[in-house]
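Asks: the sequence and its predicted three-dimensional model are supplied below.
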Amino acid sequence: MSCDENKANGKHITVALAGNANVGKSVLFNQLTGSDQIIGNWPGKTVDRAEGSLRFEGYDITVIDLPGIYSFSTFSMEEMVSRDYIALEKPDVVVNVLDASILERNLFFTIQLMEMGVPLIVCLNQVDEAKKKGISIDKEKLEEALGVPVVFAIATRGEGLYELMGEVVRVANEKPPTKPLSYHKDVEEKIEKLQSALEKENLDLKYPSRWVSIKLIEGDSEINKIVGEKSAVAIDTAKAISAELQCSYEEKCFSIIAQERYALANSIAASALQQNEIWSSSSDKLEWLTTHRVWGYFTSAGVIAGLLLWTFFVGNALSGLISEGLNLINPIDPALSTTQPILSIILNGIWDGIGAGLTLIIPFVIPFYLLLAAIEDSGLLTRVAFMMDSVMHKMGLHGKALIPIILGYGCSVPAIHSCKIMETRRERLLAAFAITFAPCSARTIILFGMVGLFVGVQWALLLYVIDVLIIFALGRIAMKAVPGKSTGLIMEMGSFKRPSAKVVFKQTWARTKSLIYVVFPIYIIGSALIQVLFALNVLTPISDAMAPLTVWWLGLPAIAGVLLILGTVRKELILVGAIAILGTTNLMIQPGGFTAVQLVVIALVAMLYIPCISTMAILGKEFGWKATAVITGANIGVALLIGGLAFRLLTLLGL
Amino acid sequence: MEQKSTQDYLKAIYALSRNKDLVSTTEISKKLDVAPASVTEMLKKLSEEDLIKYEPYKGSILTVIGLREAQKILRKHRLLENFLTDVLHIGKDKVHSQACEMEHALSDEAEESLCRLLKHPDKCSDDGNTIPACDLPFSSCEECISLHNQGLEEVGKRKENLLALSELKNGQSGKIQFIRGGHSVLQRLLDMGLTPGTKIVLLKAAPFEGPIEISVRGSKLAIGRGIASKVFVEPLPKENP
């Protein structure tokens, strides 16, 4: 305790945000700390804990955003992360964020936090949404029933946050005890019996003893192991006690305890909540449309195709405007090439890199992320997951896997990270495998910048369709190759809401900013470097060495070898490199440039051939190097096979 | 045309009534390959025995007793099919007719032993249909196993007729009575609030054996068809709004 007091005296407070998935913890976290944690209207965005800080009334407050979970009882990674953080690192205050519309189910988790006896504040979020659904909640009654402070909030608008932080400071200083709620007499007796037996043993467990008792009765394997290492007697006592309980209830203990918690949650909710009549709202109509047995598929397809069409048309218009603007300026004196040829090449390379980034990459990426953020915030993704569940089962996955795959349209790296919303390692691996083939924004740029602009939009879209078919076919093969059973879908369907402009712009900025800070310089340096190396003829041997593959099998110009190597760093570099080497944004310039067939083939190969370095890094981190090597190998094999076939077929058709 | 038993009629009506309120005589006639006149005669007889509710020119529907009979026989039939295919490895083309013969002779005791032997299957391995819940008064398979290990004696019978979540019609509500399956599925469902005795409403079912959406404890959940066929509810009468 002394350690905690010191922290408070030092005017430093640690607050953990805990609660069910999709209740608005990350929104609250962003509002409090000014961070840009990814948020959205689907369960499971926060997979690791995030940390931020703020100053409030002279206190340094560190806020920890924990992943959303429904209980501490199953053995998912998110639950372990949250449980160990709360129990072992002992934050000064735990703020339990609740969705006011789903009070009863959310209280189930509150009750589990109270079992741990942590200093607790209940933050009832989204009270505005609840009101729209005719739900009103009596704050005093809820406080009385729980015995902990309750704060109402609308995190998206920042309402109630000042009051919340006031309570945080008060609780951190006063440390009012959190009294666990009691269950039925016979269950309670068993818990107390085991608790006093544990306390007599004096095991020096880091977890609170009442909570450990409940977990032992439930048969929690992790806690069983931890206690078992210290005392076999304690385990025997626990087993005897749970056997007694099991006998008198004729049910498994974990089920008895879950029912006890829900019985409590139900009676608390019933005492504090009032449901009033409401009329069907516009979100009900949207609900009807998006999950209709016919229209639902159209909306699902519309979400996916619409995202791409929007990206192309808006991107194209923006790209045109920017390149016209850039054409007006020509900062490099042409006379320089005769006096200082090397400097001229470098400057030209830099200028081409800037041009490629500004005209081809930024205009496509920003509209894409804007619409993606709006879709994420609206709640559409869970409906798409609902409709596509049976299709995903054919790939050994369930509907929820579609969420990371759609995020993969943006960037594979966060998409693979968010595969953690899947339940088993097998499902995470299968989903990640599918993502390595998904058209991320870099691939979209290549597709639109090389095929859409020069060959025709219909060809770019056709390549997308082919890509989706390839993902499906490979998904089926992977499902058969990776042994194991599939789990079923259990997913919360959050309400629809109008995307907030603020959230959408913030999210887009969060995703684009690394592009501007980190990736843009790579384009510029890369472009300059390529032009110099090309001028010095260093690249020719590399291109020649790869010629059997690139020229003979894939039918590409010799420079493609170098481009494909560059693309392993970042796929856009294929396009940037092509522009640098050709010295113009007109890729079809002759001689030296690409033909229509070659553009289609290189875009197809680029889409499939290898996960970029960052993707390989995250694959390695999540699944190990062996799996990464297998996935990469599969990528290369498929790309070469399909690229070669496409070249021959297209030549035959005479594109 | 061979003679069809009462149980064949009950099975046929059960299968045909999945998505409608009344099953027409013509449908039954087609399904069983029996002349409509004979069907009508049989329906009247079943109606007298209180196994079905029969409205001339409209159709028929199972009564509570009829539903119980139909589920019992279908359960035995599907368990037997699984036994014949998965344990005895008999060709799929032969199992159906054999199971049809055997189902009438299988005792309730043998039915429960078969269920445990096959590890509480939820689907018929032949046609993928849900195997109805047993009529023992348990709320999960784990209870059955642990009581059986302690030497299960008389446990009585369940009073209610149960339907799987996946068998409910849109808008229909039910009370959770029984969850099939092992610890991890059960725990996940309990955590989401699907504890025994909880009332749920089926909001909608996605086509192509897609998931169902239910409302439970004020939240909306999407549940895959596989899991939905493991959760059994006692259907509740429609509430008048």
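Replies: Ah, there it is. Numbering: from 1, shown residues only, chains lettered A, B, ... in the order given.
Asks: in the chain, which residue is closest to the centre?
Replies: Picked chain A for this. A:Ser418 (3.8 Å; C-alpha atoms, centre = their mean).
Asks: other chain: chain B
Replies: B:Pro132 (3.0 Å).
Asks: check the gap between that one and B:Cys124 for me.
Replies: From B:Pro132 across to B:Cys124, the span is 11 Å (C-beta to C-beta, to the nearest Å). Quick note: C-beta positions are derived from backbone N, CA and C, even for glycine.
Asks: any weak-confidence spans in chain B?
Replies: B:1-4, B:19, B:150-154, B:239-241 (pLDDT under 70).
Asks: could I get the full set of helices for it?
Replies: With DSSP state H, the ranges of helices along chain B come out as B:6-16, B:25-32, B:36-48, B:64-82, B:92-102, B:108-117, B:141-149, B:183-191, B:225-228.
Asks: deepest of those helices, which one?
Replies: Comparing the helices of chain B by mean neighbour count (mean count of other C-beta atoms under 10 Å in any protein chain shown), helix B:225-228 ranks first with a mean of 23.
Asks: need the contact partners of that one.
Replies: A:390, A:488-490, B:122, B:164-166, B:181, B:185, B:189, B:209-212 (C-beta atoms under 8 Å, 6 or more residues apart in numbering or on different chains).
Asks: need the buried ones from the residues you listed selected in PyMOL.
Replies: Applying 16 or more other C-beta atoms under 10 Å in any protein chain shown to these leaves a buried subset, and the PyMOL line that selects it is:
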select buried, (chain A and resi 390+488+489+490) or (chain B and resi 122+164+165+166+181+185+189+210+211+212)
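Asks: residues of the stretch 1-150 of chain A that sit close to chain B?
Replies: Residues of the stretch 1-150 of chain A lying close to chain B by C-beta under 8 Å from any C-beta of the partner chain are A:Tyr70, A:Ser71, A:Ser73, A:Thr74, A:Ser101, A:Ile102, A:Leu103, A:Glu104, A:Arg105, A:Phe108.
Asks: okay, who's weakest in the residues you listed by pLDDT?
Replies: Minimum pLDDT for the residues of the stretch 1-150 of chain A next to chain B is recorded at A:Thr74 (62).
Asks: and A:Val122, that's in a helix?
Replies: No. A:Val122: not assigned to a helix; according to DSSP: H, G, I helix; E, B strand; the rest coil it is strand.
Asks: give the contact list for the residue nearest to A:Val97 when sequence neighbours are not counted.
Replies: In space, and not counting its chain neighbours, A:Val97 is closest to A:Gly19: 3.9 Å by C-beta to C-beta, 6 or more residues apart in numbering or on different chains. Listed by C-beta under 8 Å, 6+ apart, the contact set of A:Gly19 reads A:Lys25, A:Gly68, A:Asn96, A:Val97, A:Leu98, A:Asn106, A:Phe109.
Asks: can you name the element that comes right after the helix or strand hosting A:Val15?
Replies: For A:Val15, the host element (DSSP states H and E) is strand A:12-19. Next in sequence after strand A:12-19, counting helices and strands by DSSP H and E, comes helix A:25-33.
Asks: which other residues reach that next one?
Replies: So helix A:25-33 is in contact with A:17-19, A:35-39, A:45-46, A:50, A:52-54, A:61, A:63, A:65-66, A:68, A:95, A:97, A:123, A:125, A:153, A:155-156, A:158, A:161, A:165, A:503, A:506, going by C-beta under 8 Å, 6+ apart.
Asks: what do you get for stretch A:228-248?
Replies: Contact partners of stretch A:228-248, identified using C-beta under 8 Å, 6+ apart, comprise A:186-187, A:190, A:193-194, A:197-198, A:201, A:203-205, A:213, A:216-217, A:219, A:224, A:227, A:252-253, A:256, B:146.
Asks: out of those, which sit inside helices?
Replies: A:186-187, A:190, A:193-194, A:197-198, A:201, A:213, A:216-217, A:224, A:227, A:253, A:256, B:146.
Asks: which one of these is nearest A:Ala481?
Replies: Closest approach to A:Ala481 among the ones in helices among the contacts of stretch A:228-248 (C-beta to C-beta): A:Asn224, at 35.1 Å.
Asks: list the contacts of the closest one.
Replies: A:Leu216, A:Ile235, A:Ala238.
Asks: wait, a helix at the second one?
Replies: Yes. The assignment for A:Ile235 (three-state DSSP) places it in a helix.
Asks: what about it, neighbour count?
Replies: 16 (other C-beta atoms under 10 Å in any protein chain shown).
Asks: likewise the first one?
Replies: Burial measure for A:Leu216: 26 neighbouring residues, criterion other C-beta under 10 Å.
Asks: same thing with the last one?
Replies: A:Ala238 is flanked by 26 other residues according to other C-beta under 10 Å.
Asks: name the element it belongs to?
Replies: Going by DSSP H and E, A:Ala238 is in helix A:232-249.
Asks: okay, now the domains of chain B?
Replies: B:6-62, B:66-132, B:133-241 (automatic domain parsing).
Asks: endpoints of the shortest one, how far apart?
Replies: In terms of C-alpha to C-alpha, to the nearest Å, the two terminal residues of domain B:6-62 are separated by 12 Å.
Asks: again with stretch A:590-604
Replies: 22 Å.
Asks: starting at the chain centroid, how far to that stretch?
Replies: How far stretch A:590-604 lies from its chain's middle: 35 Å, per C-alpha atoms, centre = their mean, to the nearest Å.
Asks: pull the residues that contact that stretch.
Replies: Against stretch A:590-604 from outside (C-beta under 8 Å, 6+ apart): A:446-447, A:450-451, A:454-455, A:459-460, A:463, A:466, A:554-557, A:559-560, A:563, A:574, A:578, A:582, A:586-588, A:639, A:642-643, A:646-647, A:650-651, A:655.
Asks: rerun at 7 Å
Replies: A:446-447, A:450-451, A:454-455, A:459, A:463, A:554-557, A:560, A:582, A:587-588, A:642-643, A:646-647, A:650-651, A:655 (C-beta atoms under 7 Å, 6 or more residues apart in numbering or on different chains).
Asks: among these, which are in helices?
Replies: Reading helices off these with DSSP H, I get A:Ile446, A:Trp459, A:Leu463, A:Ala560, A:Leu582, A:Ile642, A:Gly643, A:Ala646, A:Phe647, A:Leu650, A:Thr651.
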